[in-house]
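Chemist: only geometry, no sequence info:
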């Protein structure tokens, strides 16, 4: 296409379409996604850079999204390492370009020179003009290494200076609602009172706090900070060392908390958040609607540890490691409210919850996002049986399910298909290690005709009609016997290395596309880099066969091969 026509076409496209093109071209689109999943980040800023130089229309559409993902830095020490962090930008550079209004995060490094010599306030007064960062939602304080030395602790930063610093930041970013506190150093000599005062002042009027700092910082912060109206959002980073002070700090905000994210916590510390010690009554978090956990040990809380539901208003329960409860209290007490659940369970936990009817359909009126997996060693006798029950349980929990993700392992679900009830709302089904052949996939799609995205491990026996080189007549017979009228748009195929080879997969991909006229995208994830290159060759050969050209929609199919080191599009 002539270059002169490009601008005219781009000017006719809505911004949303341009952004979708960017995501596809930069290789950041995902087949199986979730609006509640943190594991699927947006395209990184550097992936968008090539599109900023195409034309004014592209820049207008992409600039807000590019700069909303960067972090402005007001510290020369961090700027020297900017080439290592593509998302980090020098504030003076962004302001000069006129893009400061798009920024969502402001990073301020409190270094020794800046604090002790008074250069910090001077720099901030020069760079942070009132109202220049209306889009900033989070202020991040980075306590840079050994800069908090005895000179500063002796009183070099006074309350008046802290007030001035807070005023400068608040005037420049009047809409910030979250404060993050972190450090890259060990901080052996912690400031006695200035940091809690500074953070408390910054949080005035805001109620969200992310704790990413080492224990020296947290000890002062949790002991000496008070918040008039209580915090509504607390995040504790995975590098934080837990202490009794931190537990007490979180419990003090139990009445006002709405979001609690614990990126790494032991069962013991989590137990203290709920029950304290034997002399304390149970702590209830009446307003927490979103709880995210990454419990670092496999031990669980005893069923008798609590008398009342600890989180009676929960709508999102996202557990990234092991389930810390021995029963189904979390599910049972929030059946009418739960909208998203992610549960990694041990075999004994799953069996106990299954016996109590925790996964029975009809109890969950709003549950739309379900993710179940089994941790630990599976039973040696019939391990596939319990995985089939896990799959059936996930598909049976809620008639309102839109997304279901189940961790399977080389399991045959032929018998389970007959037990599945229709789920009218289901749009996405992800089972990366679930073995499905065409004889299982098409009945599954017939049971859930409204599914638009699916991910699984394709497996066919060599004697099947989808063998390495099926005849043209065999392929035409497949169309007559297995043609599907499903709504499937996107498919993700995983190769575990124990199914069929690249030649078989190459033929299979094109065959599945020809059987599913609605399909527009297939992503294949080979087991090895060698398989990826071989698969590319066999895909090209398969797509050139005359028998497949009888299905015109196959030519419009987007096929991507993604391995650890390579990505091939179309």
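Modeler: That came through fine. Bear in mind that the values here come from a model prediction, so they are computed numbers and not experimental data.

Chemist: what is the neighbour count of residue 407?
Modeler: 19 (other C-beta atoms under 10 Å). No exception for glycine: its C-beta is placed from N, CA and C like everyone else's.

Chemist: now do the biggest strand by length in the chain, average pLDDT.
Modeler: Ordering each strand of the chain by length in residues (DSSP state E) puts strand 428-436 first. Averaged across strand 428-436, the pLDDT comes to 85.

Chemist: strand partners of it, parallel vs antiparallel please.
Modeler: Strand 428-436 pairs in its sheet with strand 403-406 (parallel), strand 453-458 (parallel), by DSSP bridges.

Chemist: after it comes which helix or strand?
Modeler: helix 438-447 (DSSP states H and E).

Chemist: quick check: angle from that following helix to strand 453-458?
Modeler: Between the axes of helix 438-447 and strand 453-458, defined by axes from the mean of the first three to the mean of the last three C-alpha atoms, to 10 degrees, the angle is 160 degrees.

Chemist: pull out the buried positions in helix 438-447.
Modeler: Using 16 or more other C-beta atoms under 10 Å as the burial criterion, the residues of helix 438-447 that qualify are 438, 440, 441, 442, 443, 444, 445, 447.

Chemist: from those residues, pick the one nearest residue 491.
Modeler: Taking C-beta to C-beta as the measure, residue 441 is the one of these closest to residue 491, at 9.2 Å.

Chemist: residue 508 versus the closest one, what's the distance?
Modeler: 10 Å (C-beta to C-beta, to the nearest Å).

Chemist: joint contacts of those two?
Modeler: Listed as contacting both residue 441 and residue 508 by C-beta atoms under 8 Å, 6 or more residues apart in numbering are residue 458.

Chemist: so residue 291 bridges to which residues?
Modeler: Going by DSSP bridges, residue 291 forms beta bridges with residue 260, residue 317.

Chemist: that one and residue 270, how far apart?
Modeler: When residue 291 is compared with residue 270 (using C-beta to C-beta), they lie 10 Å apart.

Chemist: which residues are in contact with both of the two?
Modeler: Joint contacts of residue 291 and residue 270 (C-beta under 8 Å, 6+ apart) do not exist.

Chemist: now do the strands in the stretch 201-350 of the chain.
Modeler: 208-212, 233-236, 259-265, 290-295, 316-319, 340-346 (DSSP state E, counting those that start in this stretch).

Chemist: which parts of the first one are buried?
Modeler: By 16+ other C-beta under 10 Å, the buried positions in strand 208-212 come out as 208, 209, 210, 211, 212.

Chemist: turn the residues you listed into TSV, including pLDDT and distance to residue 525.
Modeler: Formatted as TSV, the buried residues of strand 208-212 follow (pLDDT from 0 to 100; distance: C-beta to C-beta, whole Å):
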residue	pLDDT	distance to residue 525
208	70	37
209	72	39
210	70	33
211	70	36
212	63	33
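
Chemist: nearest to residue 287 among the residues you listed?
Modeler: residue 208 (14.0 Å).

Chemist: ok now do that closest one, which residues does it touch?
Modeler: Neighbours of residue 208 in contact, by C-beta under 8 Å, 6+ apart: 138, 177, 178, 179, 231, 232, 233, 234, 259.

Chemist: redo that, cut-off 7 Å
Modeler: Contact partners of residue 208, counting by C-beta atoms under 7 Å, 6 or more residues apart in numbering, are 177, 178, 231, 232, 233.

Chemist: least trustworthy helix or strand in this structure by mean pLDDT?
Modeler: Taking mean pLDDT, DSSP states H and E as the measure, the helix or strand of the chain with the lowest value is helix 150-151, at a mean of 34.

Chemist: pLDDT weak spots in the stretch 201-350 of the chain?
Modeler: Along the stretch 201-350 of the chain, segments meeting pLDDT under 70 span 201-207, 212-226, 228, 276-281, 297-306.

Chemist: which parts of it are helices?
Modeler: 215-224, 244-252, 267-275, 329-332, 347-355 (DSSP state H, counting those that start in this stretch).

Chemist: circling back to that earlier point, least confident of the strands paired with strand 428-436, on average?
Modeler: The lowest average pLDDT among the strands paired with strand 428-436, as it happens, falls on strand 453-458, at a mean of 85.

Chemist: redo the strands paired with strand 428-436 as a markdown table? Include mean neighbour count and distance to residue 248.
Modeler: Formatted as a markdown table, those follow (neighbours: other C-beta atoms under 10 Å; distance: least, C-beta to C-beta, whole Å):
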| stretch | mean neighbour count | distance to residue 248 |
| --- | --- | --- |
| strand 403-406 | 22 | 36 |
| strand 453-458 | 23 | 43 |
